[in-house]
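Colleague: Got a sequence here, can you model it:
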Amino acid sequence: LALHQQGQLDAAEAIYRQVLGRDGNHVSAWQLRGVIRYQQKLPAEALPLLERAVALDPANAASLNNLGNVLIDLHRFEDAVDALRRATALRPEAADMRANLGRALRFYKKLDEAAEAYRHAIALDPKRAAYHASLGNVLSASKDDAGALTAFAAALDLAPNQPNLLHNVALSLVKLKRFE
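Modeller: Numbers count the residues shown, from 1 in each chain. This next block holds a predicted model:
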């Protein structure tokens, strides 16, 4: 795991393969091999590895979360939503999993549910600018420009050096015809 965390993905994968050579049912080794493929921008190769991890332990929230992210990248949004709902049911306190569910729901065009998932992520981790910005994007897509402005402004307060957030605040103000 240390090699993986240091970005030495090939060396880490070699160790995971060794572990699987000794124990073909080692959930973490399957999951971490899938994460490596995902980090390498190879979601189609990550998919069977993460599916194997989930098959071995359907109650492993981390595996379900990673599977959901891979499914989003593969544009399998309904399956991603299912995996991420299962992950958040297992770990309701995990803000990152709530935000991933919001992302999947946004792509699946379930904007009200996506907004709720992001609000839940914000309640769990209110200092995360990305969650506020993502909520702003969903609200903007839902034509809730006032709500989007509030969310983007909160994100900008947390990350004032992000020009894209300033742009989103300005765009929201224009949509609301607030030129003062």
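Colleague: for the protein, what spans make up the helices?
Modeller: For the chain, the helices defined by DSSP state H occupy 2-5, 9-22, 27-39, 43-56, 61-73, 77-90, 95-107, 111-124, 129-141, 145-158, 163-175.
Colleague: For the shortest one, list every residue counted as buried.
Modeller: Neighbour counts using 16 or more other C-beta atoms under 10 Å place H4 of helix 2-5 among the buried residues. Heads up, the C-betas are built off the backbone N, CA and C, glycines and all.
Colleague: Turn the helices of the chain into a markdown table, columns for mean pLDDT.
Modeller: Listed next are the helices of the chain as a markdown table, based on pLDDT from 0 to 100:
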| stretch | mean pLDDT |
| --- | --- |
| helix 2-5 | 78 |
| helix 9-22 | 92 |
| helix 27-39 | 96 |
| helix 43-56 | 98 |
| helix 61-73 | 98 |
| helix 77-90 | 98 |
| helix 95-107 | 98 |
| helix 111-124 | 98 |
| helix 129-141 | 97 |
| helix 145-158 | 96 |
| helix 163-175 | 91 |
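Colleague: so what's I72 closest to, chain neighbours aside?
Modeller: Of all residues not flanking I72 in the chain, A80 sits nearest, at 4.6 Å (C-beta to C-beta, 6 or more residues apart in numbering).
Colleague: was I right about that neighbour contacting N66?
Modeller: No - taking contacts as C-beta atoms under 8 Å, A80 lies outside contact range of N66: 11.0 Å.
Colleague: Check the offset of stretch 132-141 from the chain's centre.
Modeller: How far stretch 132-141 lies from its chain's middle: 15 Å, per C-alpha atoms, centre = their mean, to the nearest Å.
Colleague: OK, contacts around the residue nearest to A11 when sequence neighbours are not counted?
Modeller: Nearest non-adjacent residue to A11, counting by C-beta to C-beta, 6+ apart: L3, 4.6 Å away. Taking C-beta atoms under 8 Å, 6 or more residues apart in numbering, we find L3 in contact with 11-12, 15.
Colleague: List only buried entries from those.
Modeller: Using 16+ other C-beta under 10 Å, the buried members of the contacts of L3 are 12, 15.
Colleague: export the contacts of L3 to JSON lines and tack on distance to V35?
Modeller: Below are these laid out as JSON lines (distance: C-beta to C-beta, whole Å):
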{"residue": "A11", "distance to V35": "15"}
{"residue": "A12", "distance to V35": "9"}
{"residue": "I15", "distance to V35": "13"}
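Colleague: Just name the closest of the contacts of L3 to A133, please.
Modeller: A133 has its nearest neighbour among those in A12, at 31.3 Å by C-beta to C-beta.
Colleague: I'd like the distance between the closest residue to the closest one other than its chain neighbours and V35.
Modeller: In this structure, A12 finds its nearest non-sequential neighbour in H4, 3.7 Å apart by C-beta to C-beta, 6+ apart. Remark: distance between H4 and V35 (C-beta to C-beta, to the nearest Å) = 8 Å.
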